[in-house]
Structures are given as structure tokens and as C-alpha cells.
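1. coords below, sequence missing:
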């Protein structure tokens, strides 16, 4: 049963897309600019390699575009799941609990991606562990949780 000011399912979707953009920016700054580990196009092509295999190179624009789409699709789905869970666990809307929920969720997202999705789709993991953890816990989970918290506060203020 929904109450006035509740978070809606699409708030989680939008939060996931926003957090996915922040994660991509993080990878761009850390992996490309600071560490010179790989290019951002190479990162997205690596994501697409789960679908198109060895044809996924950073020179293949279709592979890069597919990787971008897949990255945001996955981010949106994980955001949607968080939004739906927040309807059940209302402490996900309230600071400081929202920070704990978000960071924990980011850790679970990382664990699922690293231990289920990467092996299942045969993607080569090109990222250091610390970088993936920071990206998912801080720049995905935290951003997503605080987006939901802000949206909830805005919705409550709008109904008051």
C-alpha cells in the first residue's frame, strides 16, 4: 500500500541511471586519467564482450555503444531493485540509515557482478579490486541511496 510522498519504482530507475553515470565518470577519472589502465571506450567495449565476444574492441564503435547501453541498463535495473526494496524497508529513506543501506547495497551489487555476472558471461575482469569496490560502494550505492532519500524528502514536502 502506497502512502503520499512514497518513493515510486521509477525513482529507483532514475537513481540507478544517475549512479551509473557517476560510476562511469569515476572510471573515466581514475582508470583513464590517473592510472592509465585502459580507455573509457575500452571499458565499455569490455562490457559488450559478454554479448559479442572478441569483436568487442575500443575501435569498434558499435561495441562501445552496446557497452554503454548495457552499463546503463544494468545500472537502471539495480536502481529499480533498490527503489522497490525501499518501499518495503522504509529506513532506506532516512539518513543516516540510508548511507548504511546504500553502501551495503553497493557492496552486494559488486559481489553479484564480480561473482555471478562476470563469470556467467565470460567477461575478462580488467579492473583492480579496490577500484571496483569504491565504484560500486561509494559511487553507485551511496549515490543511489541518497538520491532516493532526497526524492522521498521532496515528495513529502510536495504533499504537505
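-> Okay, I see it. Predicted model, so just to flag it, every value in this text is computed and none were measured.

2. contacts for stretch 116-123?
-> For stretch 116-123, contacts defined as CB atoms under 8 Å, 6 or more residues apart in numbering pick out 46, 47, 49, 50, 51, 74, 125. To be clear about C-beta, it is placed using only N, CA and C from the backbone, and glycine gets the same treatment.

3. ok now it, how far from the chain's centre?
-> Relative to its chain's centre, stretch 116-123 lies at 17 Å (CA atoms, centre = their mean, to the nearest Å).

4. state the pLDDT value of residue 150.
-> On pLDDT, residue 150 comes in at 92.

5. distance of it from residue 68?
-> Between residue 150 and residue 68 the computed distance is 26 Å (CB to CB, to the nearest Å).

6. which helix or strand in the protein has the lowest average pLDDT?
-> helix 40-52 (a mean of 86; mean pLDDT, DSSP states H and E).

7. now that one, how far from the centre of its chain.
-> Per CA atoms, centre = their mean, the centroid offset for helix 40-52 relative to its chain is 16 Å.

8. what's the answer for stretch 62-79, then?
-> 10 Å.

9. check which residues of it are buried.
-> 63-64, 66-68, 70-72, 74-76, 78-79 (16 or more other CB atoms under 10 Å).
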